[in-house]
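Student: heads up, no residue letters with this:
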């Protein structure tokens with residue numbers, strides 16, 4: 001039996017695709033943590049803003065690999081596939097660091113909403 005938290009406000013809506021991607025990472029256990037594990041009380045929230053650069057990159061790479069393939073084009077005209085983004089993050093390029101920062105910002109807000117909803 002899990003220690004299911006009490007929901008105090010509506011949980012953010014998460015697509016099935018997003019449920020497959022980790023929302024945070026426990027560096028001590030080297031464990032990626034999923035939405036369902038947080039909301040049913042199996043795992044705590046680990047703030048993404050407290051991760052080292054390396055662990056933040058690890059989390060964002062894992063999120064990209066768990067999601068569907070995609071292609072994007074940035075304002076400078078360069079086109080990137082999912083694998084290109086993962087490679088840029090792994091190399092620590094300027095684009096890769098920007099991708100990690102953007103994803104951290106998104107995850108930080110999402111985890112805040114979840115925390116408010118479950119009262120953690």
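Tutor: Nice, I can see it. Since this is a predicted model, take the numbers as computed values, not measurements. Residues are numbered from 1 along each chain as shown.
Student: Would you mind pulling the contact partners of the helix or strand where residue 109 lies?
Tutor: With the criterion set as DSSP states H and E, the secondary-structure element containing residue 109 is helix 94-118. The contact list for helix 94-118 (Cβ atoms under 8 Å, 6 or more residues apart in numbering) reads 5-12, 23-24, 35, 38-39, 45, 47-49, 51, 53, 56-57, 59-60, 63, 74, 78, 80, 85, 87-90, 120. For every residue, glycine as well, the C-beta is placed using N, CA and C.
Student: Centre of the chain to the least confident helix or strand in the chain by mean pLDDT, how far?
Tutor: For the chain, counting by mean pLDDT, DSSP states H and E, strand 71-73 ranks last in confidence among helices and strands (a mean of 91). Between the centre of strand 71-73 and the centre of its host chain there is 19 Å, according to Cα atoms, centre = their mean, to the nearest Å.
Student: Check stretch 16-23 too.
Tutor: Centroid separation for stretch 16-23 versus its chain: 8 Å, with Cα atoms, centre = their mean.
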